[in-house]
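Chemist: got a sequence here, can you model it:
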Amino acid sequence: NALQRSQANLQRLAWRVEDQPEATELIAGIQDAQDHLHALYEEVREFAAPLRVQLDRCHLGEALAKTWEKLHAQHEDREVRFRQHHAVALDLYCFVDPFAIERVFRNILENSLSACSDPVEIESEFSETEVRKDPALRIALRDNGPGLGAEQRERIFDSFYTTKTRGTGLGMAIVTRIVEAHGGEIAVGPGADQGAEILIT
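Modeler: Sure, this is the predicted structure:
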């Protein structure tokens with residue numbers, strides 16, 4: 001409610017001084033800070049709220065492609081290549097919460113875009129595996145960024161851990177909660193010579 005009141009007053013103030021460029025510029029700076037604060041609040045609220053998943057039959061390859069398409073604005077001006085790999089006969093249908101699983105994919109893809117310098121290469125690979133002796137799908141998401149240091153590999157899924165100057169450090173903690181709510185597992189993969197690899201099962 002406090003954020004909404006602040007937003008309403010900012011808009012009214014902007015209308016009153018729209019003929020004053022210096023004041024308008026200052027208001028734009030306040031608006032940027034307000035938007036950042038709202039994003040932080042939403043992330044903390046999402047982390048604190050009870051997590052309930054509504055399962056539906058979902059094609060994970062299509063869900064991943066849809067998530068990437070929604071990130072178009074974040075990479076349209078960059079040199080980026082995104083590829084998916086899986087055996088032709090592999091069944092990519094799973095019972096998941098489509099909205100929640102897209103949240104998982106989005107967070108990992110955004111991290112890759114943030115960490116990598118152009119040209120960016122992000123690839124996914126689907127394979128069959130098991131979770132507690134039940135058949136499962138594993139999605140490996142890899143990028144060609146600087147990779148993860150020893151501390152990052154150990155703490156990447158911890159709440160409030162971040163190496164970014166902006167953010168709460170809750171993104172991967174929320175991702176972990178979502179994956180575990182599906183009875184799945186998430187881990188840091190061995191990766192290649194460079195880049196990061198996240199394994200979702």
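
Chemist: buried ones in the helix or strand of the chain with the lowest mean pLDDT?
Modeler: Using mean pLDDT, DSSP states H and E, helix 21-48 stands out as the lowest-scoring helix or strand of the chain, at a mean of 85. For helix 21-48, the neighbour count (16 or more other Cβ atoms under 10 Å) marks Ile27, Glu43, Phe47 as buried. C-beta here means a position set from N, CA and C on the backbone, and glycine is covered the same way.

Chemist: for the second one, what are its contacts?
Modeler: Okay, so that is Glu43. Neighbouring residues of Glu43 by Cβ atoms under 8 Å, 6 or more residues apart in numbering: Gly167, Thr168, Leu170, Gly171, Ile174.

Chemist: same thing but at 6 Å, please
Modeler: Thr168, Leu170 (Cβ atoms under 6 Å, 6 or more residues apart in numbering).

Chemist: from Arg155, how far out is it?
Modeler: 18 Å (Cβ to Cβ, to the nearest Å).

Chemist: same thing with His182?
Modeler: The spacing between His182 and Arg155, counted by Cβ to Cβ, is 23 Å.

Chemist: neighbours around Thr162, how many?
Modeler: Using other Cβ atoms under 10 Å, Thr162 is surrounded by 16 other residues.

Chemist: longest strand in this structure, by number of residues?
Modeler: strand 120-131 (DSSP state E).

Chemist: next SSE after it?
Modeler: strand 134-143 (DSSP states H and E).

Chemist: other SSEs contacting that following strand?
Modeler: strand 120-131, strand 197-200 (3 or more Cβ pairs under 6 Å, 6 or more residues apart in numbering; DSSP states H and E).

Chemist: dump the residue contacts of Ser127.
Modeler: Ser127 is in contact with Arg138, counting by Cβ under 6 Å, 6+ apart.

Chemist: how much space between it and Val53?
Modeler: Applying Cβ to Cβ to Ser127 and Val53 gives a distance of 23 Å.

Chemist: chain center to whichever strand or helix holds Leu13: distance?
Modeler: According to DSSP H and E, Leu13 maps onto helix 2-16. Centroid separation for helix 2-16 versus its chain: 30 Å, with Cα atoms, centre = their mean, to the nearest Å.

Chemist: now do that helix, average pLDDT.
Modeler: For helix 2-16, mean pLDDT rounds to 89.

Chemist: give me the angle between it and helix 21-48.
Modeler: Going by axes from the mean of the first three to the mean of the last three Cα atoms, to 10 degrees, helix 2-16 is angled at 160 degrees with respect to helix 21-48.

Chemist: direction included, what does the longest strand of the chain pair against?
Modeler: strand 80-85 (parallel), strand 134-143 (antiparallel) (DSSP bridges).
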